[in-house]
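Asks: turn this into a structure:
(4 chains)
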Protein chains: 2
Amino acid sequence: MTSPDPEAAGRAVGRPRSDSARRAILDAATSLAIRDGYAAVTIKGIAETAGVGRQTVYRWWPTRGAVFLEALGEVGAGLGLPEPTGDPWADLRDFLDRSFALAAKPPVAGVLLGVTADSVADADLDRTRRAYIATRRALLRTALERCGSDWVVSLDTVVDMVYGAMWYRLMNEHGPVGPELTAEVLIVLDSLGGRR
Amino acid sequence: MTSPDPEAAGRAVGRPRSDSARRAILDAATSLAIRDGYAAVTIKGIAETAGVGRQTVYRWWPTRGAVFLEALGEVGAGLGLPEPTGDPWADLRDFLDRSFALAAKPPVAGVLLGVTADSVADADLDRTRRAYIATRRALLRTALERCGSDWVVSLDTVVDMVYGAMWYRLMNEHGPVGPELTAEVLIVLDSLGGRR
DNA sequence: ATGTAACGAGACACCGTGACTTGTAAAGCC
DNA sequence: GGCTTTACAAGTCACGGTGTCTCGTTACAT
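Replies: Sure thing, here's the model as predicted:
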């Protein structure tokens, strides 16, 4: 996630990276995004808010988007698949509820949207961003596979429709992203197969 | 779409607005977005490419996003519902095919994505953008209503899943947005009801 | 103690913003 | 025809963020 050589081989010469500066930068970015929106956040602003030299930001992250992607990674890390309980549909409901809750929590959706927009003109950022998305997609796919193996269309398309509906609502705010959405999605998924 | 008083009551005093300047601005914005991506397009660049004074842009559009939204409106205007042929599923296939083809054509998706990101910090832009999206949603909803009235979940959610899948693929480019998607979507819709 | 690299702070040239000014062009009104 | 009004191309200006650079300082290993 960082540029030079991320904790590889334990480079032991010179002053070590300040973890408190790293934290302050990620926290400053997050709180600025909540207050002003992703588009209005600047690296200069992040550095000042974090009480850090601007070069310290540039040393570890090439762009604003990279900072946010790392912050997002930390938040998303806690969102894994539950241990199978034997009732895969209940596990799926649990996973969707938690996913939707996380995505709906400011500033997650706005940040991801902004990073996506920035990615169009930034190949490196785009690679990292797509790895993040692919991780999310794979989790849902696994959860669906546990519910059955006989779907009317490819599982990838099912994943696209579920996460797509979530995104579409986050972008346009014309419907809830929460338990109500989970309930409707489960009804749809039930209609699409998931027989085992 | 324009600020001062859009062709209202036919204001007839003073030099009339130059339509060639308007065209040049919209065309310049579009071609710059194709070449450099939405995020890299500047009002200064648009004005220079169009061979127009910068003030001429600011006089009619408050922001870069507003320029693009007007350009998008022109493109999207040609994308209406087909005359009902008596086979609503065929009409739906036709509509989806044309919708997906338009959305996948550069720079449409990138521009809409960028405008959405800009909208977070711009209430006026957000209003206009949401009106545009609402129009698209209403069209699909109507097409779906013609296919049946007995769906397993609310029609709005169905719309979200269809357009959501399209958007999600456009954002992440992990799957096609074209006839292949139409085919899978139709299979799903068939499973969800659409009985009349 | 010495070497190395990260740190906070700040300077710098560059670019886009958005408001402004200038002189000119195109319309309706008298 | 002259007058008024508004749009036009071109150019200016102060402002703020970018990304690079240089300072002097600080933390850790040898």
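
Asks: ok, and does the longest helix along chain A reach over to chain B?
Replies: With secondary structure taken from DSSP state H, chain A has its longest helix at helix A:123-147. Yes: using CB under 8 Å from any CB of the partner chain, helix A:123-147 reaches chain B at A:130, A:133-134, A:137. (Glycine included, C-beta is placed from N, CA and C.)

Asks: can you pick the most crowded of these?
Replies: A:Arg137 (19 neighbours; other CB atoms under 10 Å in any protein chain shown).

Asks: that residue touches A:Val159, doesn't it?
Replies: Yes: contact criterion CB atoms under 8 Å: A:Arg137 and A:Val159 qualify, at 5.4 Å.

Asks: can I get the residues of helix A:123-147 next to chain B in TSV with distance to B:Glu74 and pLDDT?
Replies: Output for the residues of helix A:123-147 next to chain B, formatted as TSV (distance: CB to CB, whole Å; pLDDT from 0 to 100):
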residue	distance to B:Glu74	pLDDT
A:Arg130	31	95
A:Ile133	32	95
A:Ala134	36	96
A:Arg137	34	97
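
Asks: CSV for those, including distance to DNA strand C?
Replies: Shown next, in CSV, are the residues of helix A:123-147 next to chain B (distance: CB to the nearest atom of the strand, whole Å):
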residue, distance to DNA strand C
A:Arg130, 27
A:Ile133, 29
A:Ala134, 30
A:Arg137, 33
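
Asks: give me the contacts around stretch A:33-50.
Replies: A:21, A:24-25, A:27-29, A:31-32, A:53-54, A:56-58, A:64, A:67-68, A:106-107, A:110-111, A:113-115, B:117-118, B:120-121 (CB atoms under 8 Å, 6 or more residues apart in numbering or on different chains).

Asks: could I get the buried residue list for stretch A:180-189?
Replies: A:181-182, A:184-186, A:188-189 (16 or more other CB atoms under 10 Å in any protein chain shown).

Asks: ok, A:Pro88 to B:Trp167 distance?
Replies: From A:Pro88 across to B:Trp167, the span is 28 Å (CB to CB, to the nearest Å).

Asks: among those two, which residue is more densely surrounded?
Replies: The residue with more neighbours, out of A:Pro88 and B:Trp167, is B:Trp167; 25 against 17, by other CB under 10 Å.

Asks: is that one part of a helix or strand, or is it coil?
Replies: At B:Trp167 the chain is in helix, as set by DSSP: H, G, I helix; E, B strand; the rest coil.

Asks: can you count the residues close to the residue lying closest to it once chain neighbours are set aside?
Replies: Distances taken as CB to CB, 6 or more residues apart in numbering or on different chains place A:Tyr168 nearest to B:Trp167, at 5.5 Å, with adjacent residues excluded. Neighbours of A:Tyr168 under the rule other CB under 10 Å: 24.

Asks: touching, A:Tyr168 and B:Val158? I think so.
Replies: No: using CB under 8 Å as the test, A:Tyr168 is too far from B:Val158 to be in contact (11.7 Å).

Asks: so what's the residue nearest to B:Trp167 up against?
Replies: Going by CB under 8 Å, 6+ apart, the list of residues near A:Tyr168 reads B:160, B:163-164, B:167-168.

Asks: which non-adjacent residue is nearest A:Val108?
Replies: A:Val108 sits nearest to A:Leu102 (CB to CB, 6+ apart), 6.3 Å away.

Asks: please give the element, helix or strand, for the residue in chain A that DNA strand C sits nearest to.
Replies: Scanning chain A for the residue nearest DNA strand C gives A:Gly14, at 1.9 Å (criterion: CB to the nearest atom of the strand). Secondary structure assignment for A:Gly14, by DSSP states H and E: no helix or strand.

Asks: in chain A, which spans are helices?
Replies: A:19-36, A:43-50, A:54-60, A:64-77, A:88-104, A:108-119, A:123-147, A:155-172, A:179-191.

Asks: angle of the first one against helix A:108-119?
Replies: In terms of direction (axes from the mean of the first three to the mean of the last three CA atoms, to 10 degrees), helix A:19-36 departs from helix A:108-119 by 100 degrees.

Asks: is DNA strand D contacted by stretch A:51-63?
Replies: Yes: on the criterion CB under 7 Å from any atom of the strand, stretch A:51-63 is in touch with DNA strand D at A:54-55, A:58, A:63.

Asks: does any part of that stretch sit near chain B?
Replies: No: residues of stretch A:51-63 are not located near chain B by CB under 8 Å from any CB, the shortest gap being 11.4 Å.

Asks: mean confidence for that stretch?
Replies: Stretch A:51-63 shows a mean pLDDT of 97 in the predicted model.

Asks: got the buried residues for that stretch?
Replies: A:52, A:56-57, A:60-61, A:63.

Asks: please list the residues of chain A that sit near DNA strand D.
Replies: A:12-16, A:42-45, A:54-55, A:58, A:63-64.

Asks: what about the residue of chain A closest to DNA strand C, how many residues nearby?
Replies: Counted with other CB under 10 Å, A:Gly14 comes out at 6.

Asks: buried residues, stretch A:13-25. List them.
Replies: In stretch A:13-25, counting by 16+ other CB under 10 Å, buried: A:21-22, A:24-25.

Asks: next, the distance between the ends of it.
Replies: One end of stretch A:13-25 to the other measures 24 Å (CA to CA, to the nearest Å).

Asks: what about it, average pLDDT?
Replies: For stretch A:13-25, the per-residue pLDDT averages 95.

Asks: got the contact list for it?
Replies: Counting by CB under 8 Å, 6+ apart, A:46-47, A:50-52, A:56-57, A:60, A:67 sit against stretch A:13-25.
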